[in-house]
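Asks: the following block contains a protein sequence and its predicted model.
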Amino acid sequence: MSTVTKIKEAIDRLAPQEYCELMSVRHPFEDDDGDRQMKADATAGKFAAMNERAEREYAAVKGGWSRVAALRVQ
């Protein structure tokens, strides 16, 4: 079995997280303007309200879908 074949088979056995790590090392890319803006907005807390709402909705789902419907009315 060739080295290339062994490498391909090893890659096929990687867990999803490990595969992503490998791809990020092998094929890095730099942030574009949108990525930089998104990171700056996140650091400035501009997504806090959206995150809080998502957390409330997630908690409501754990308690039943009727609670999610009540959140939508707010």
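Replies: Received the coordinates, thanks.
Asks: looking at this protein, which helix or strand does the model trust least?
Replies: helix 65-73 (a mean of 59; mean pLDDT, DSSP states H and E).
Asks: buried stuff in the longest helix along the chain?
Replies: Among the segments of the chain that qualify as a helix by DSSP state H, the longest is helix 48-63. Buried positions in helix 48-63, judged by neighbour count with 16 or more other CB atoms under 10 Å: residue 60. Every C-beta, even on glycine, is put in place using the N, C-alpha and C of the backbone.
Asks: run the chain-centre distance for that helix.
Replies: On the basis of CA atoms, centre = their mean, to the nearest Å, helix 48-63 sits 17 Å off its chain's mean C-alpha point.
Asks: what helices or strands is it leaning on?
Replies: Taking 3 or more CB pairs under 8 Å, 6 or more residues apart in numbering; DSSP states H and E as the contact definition, the neighbouring helices and strands of helix 48-63 are helix 65-73.
Asks: from residue 49, how far out is residue 61?
Replies: Residue 61 sits 19 Å away from residue 49, going by CB to CB, to the nearest Å.
Asks: now residue 34
Replies: Distance from residue 34 to residue 49, by CB to CB: 21 Å.
Asks: over to residue 18?
Replies: With the distance defined as CB to CB, residue 18 ends up 35 Å from residue 49.
Asks: what of residue 9?
Replies: As for residue 9, its distance to residue 49 is 47 Å (criterion: CB to CB).
Asks: residue 10 too?
Replies: On the measure of CB to CB, residue 10 and residue 49 end up 44 Å apart.
Asks: just residue 22 next, same as before
Replies: From residue 22 across to residue 49, the span is 36 Å (CB to CB).
Asks: for residue 11, same thing?
Replies: 41 Å.
Asks: just to revisit the earlier point, would you put the C-alpha positions of the longest helix of the chain in PDB?
Replies: Output in PDB follows, covering the C-alpha atoms of helix 48-63 (Å, rounded to 0.1, in the frame of the first residue of the first chain):
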ATOM      1  CA  ALA A  48     -25.700  40.200  22.700                       C
ATOM      2  CA  ALA A  49     -29.500  40.800  22.300                       C
ATOM      3  CA  MET A  50     -29.700  38.200  19.500                       C
ATOM      4  CA  ASN A  51     -27.700  35.700  21.600                       C
ATOM      5  CA  GLU A  52     -30.000  36.300  24.600                       C
ATOM      6  CA  ARG A  53     -33.100  35.700  22.500                       C
ATOM      7  CA  ALA A  54     -31.600  32.500  21.000                       C
ATOM      8  CA  GLU A  55     -30.800  31.300  24.500                       C
ATOM      9  CA  ARG A  56     -34.400  32.100  25.700                       C
ATOM     10  CA  GLU A  57     -35.900  30.300  22.700                       C
ATOM     11  CA  TYR A  58     -33.600  27.300  23.200                       C
ATOM     12  CA  ALA A  59     -34.700  27.100  26.900                       C
ATOM     13  CA  ALA A  60     -38.300  27.400  25.800                       C
ATOM     14  CA  VAL A  61     -37.900  24.500  23.400                       C
ATOM     15  CA  LYS A  62     -36.600  22.400  26.200                       C
ATOM     16  CA  GLY A  63     -39.800  23.300  28.100                       C
END
